[in-house]
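> no sequence for this one, just the structure:
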């Protein structure tokens, strides 16, 4: 039960982080925001690490590409901040979730983790994708309002 | 700017996020979640600085405010982001697993987003929930939950 609350709070914190970054970006720009976001997070996690396991670890076994996550994170925060200021928090959250699920499905299909057939799982996956496309269409096709 | 173009950038952002999570969880499996995130934040900070430098070569980056001055709290977005890393490590290893963690996190994100749009939190524009916004929200939310539950039943 406590885990359910923690997992919900995770979502709240993610949205809060995006909102704060969006506000900073509207004054200082998306890439500056991305830099500050990572710098502040790095500082915070340094404190957490110093209080727990320390700052040293064996990096020899890590494949080189696993280190690229940080660079993608820098791009993501910049993209999020750029989009959020223009679309609002809810719309950008929904569209980011859509892109996230779409690419993760494609990756799973590509690596053969998922195979489509005539079963309930495939039906759910295809149905889910159609709903995502519908939602994206509805989001874009919305007639222009005062602030678009 | 064109709404379609901005929306496509949001999709690209989501795709970037998914690949980032995949790479970072590989790192976390070899190290620890907090250590992996610490490295990712450090490398992310360097990357962002490099990008700013590269843009600066072609056109000078203005570090001065363009609209209103950013309040001090808007610099703190990195903290909730980093806390999430620690807490996700807890919930993924709980009975909720990855599927439950994802579903609840999406619910929390959407709920909080709706509230902050409704009241204009973080000094951003108010965007009240209308029927038209609901037409976007309902299919994307149900579609996401369907896909996550289907993927969860495979693993």
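Ah, there it is. Because the structure is predicted, anything quoted here is derived from the model rather than measured. Numbering: from 1, shown residues only, chains lettered A, B, ... in the order given.

> SS state for residue A:39?
Secondary structure, DSSP: H, G, I helix; E, B strand; the rest coil: residue A:39 is helix.

> quick one: contacts for the spatially closest residue to it that is not a sequence neighbour?
Leaving aside its sequence neighbours, residue A:39 sits nearest to residue B:45 (C-beta to C-beta, 6 or more residues apart in numbering or on different chains; 4.7 Å). (Glycine included, C-beta is placed from N, CA and C.) For residue B:45, the contact set (C-beta atoms under 8 Å, 6 or more residues apart in numbering or on different chains) comprises A:35, A:38, A:39, A:42, A:74.

> farthest pair in the residues you listed?
A:42 and A:74 (11.6 Å; C-beta to C-beta).

> between the two, which has more neighbouring residues?
residue A:74 (29 against 22; other C-beta atoms under 10 Å in any protein chain shown).

> and that one, how far from chain B?
Relative to chain B, residue A:74 is positioned 4 Å away (C-beta to the nearest C-beta, to the nearest Å).

> that residue contacts residue A:33, doesn't it?
No. Counting by C-beta atoms under 8 Å, residue A:74 does not reach residue A:33; the two are 10.3 Å apart.

> walk me through the domains of chain A.
Segmentation of chain A into domains, based on automatic domain parsing, reads A:1-87, A:89-148.

> and those domains as a markdown table, adding mean pLDDT?
Output for the domains of chain A, formatted as a markdown table (pLDDT from 0 to 100):
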| stretch | mean pLDDT |
| --- | --- |
| domain A:1-87 | 91 |
| domain A:89-148 | 86 |
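
> what pLDDT does residue B:68 get?
pLDDT, residue B:68: 67.

> before we move on, what about the one 3 residues further on?
The predicted structure scores residue B:71 at 89 on the pLDDT scale.

> so which elements touch the helix or strand that contains residue A:92?
Assigned by DSSP states H and E, residue A:92 belongs to helix A:89-110. Helix A:89-110 is packed against helix A:2-28, helix A:69-87, helix A:120-141, helix B:3-30, helix B:97-119, helix B:131-154, with contacts defined by 3 or more C-beta pairs under 8 Å, 6 or more residues apart in numbering or on different chains; DSSP states H and E.

> spatially central residue for chain B, please.
residue B:17 (7.1 Å; C-alpha atoms, centre = their mean).

> what's the pLDDT at that residue?
pLDDT, read off for residue B:17, is 93.

> ok, the closest residue to residue B:102 other than its chain neighbours to residue A:13 distance?
With sequence-adjacent residues excluded and distances taken as C-beta to C-beta, 6+ apart, residue B:102 is closest to residue B:148, at 5.2 Å. To residue A:13, residue B:148 is 19 Å away according to C-beta to C-beta, to the nearest Å.

> so residue A:62: helix, strand or coil?
Per three-state DSSP, residue A:62 ends up coil.

> correct me, but it touches residue B:29?
No. The criterion here is C-beta under 8 Å, and residue A:62 misses it with residue B:29 at 9.8 Å.

> let me see the contact set for residue 15.
Assuming you mean chain A. By C-beta under 8 Å, 6+ apart, the residues touching residue A:15 are A:89, A:93, B:108, B:109, B:110, B:112, B:113, B:116.

> that's the other chain; I wanted chain B
Contacts were defined as C-beta under 8 Å, 6+ apart; by that measure residue B:15 touches A:99, A:100, A:102, A:103.

> what's the nearest residue to the second one if we skip its chain neighbours?
Same thing as residue A:100. residue B:14 (3.9 Å).

> hang on, the earlier thing: the residue nearest to residue B:102: how many residues sit nearby?
22.

> shouldn't it be in contact with residue B:103?
Yes. Counting by C-beta under 8 Å, residue B:103 is a contact partner of residue B:148 at 5.6 Å.

> how does chain B divide into domains?
B:1-64, B:94-155.

> centroid residue for chain A?
Closest-to-mean residue, chain A, C-alpha atoms, centre = their mean: residue A:96 / 6.3 Å.

> with respect to burial, which of the domains of chain A scores highest?
Stretch with highest mean neighbour count among those: domain A:1-87 (a mean of 21; mean count of other C-beta atoms under 10 Å in any protein chain shown).

> okay, how far is it across that one, tip to tip?
34 Å (C-alpha to C-alpha, to the nearest Å).

> off-centre distance for it?
Centre-to-centre, domain A:1-87 and its host chain are 10 Å apart (C-alpha atoms, centre = their mean, to the nearest Å).

> picking that back up, who's in contact with the residue nearest to residue A:100?
By C-beta under 8 Å, 6+ apart, the contact set of residue B:14 is A:95, A:96, A:97, A:98, A:99, A:100, A:101, A:102, A:103.
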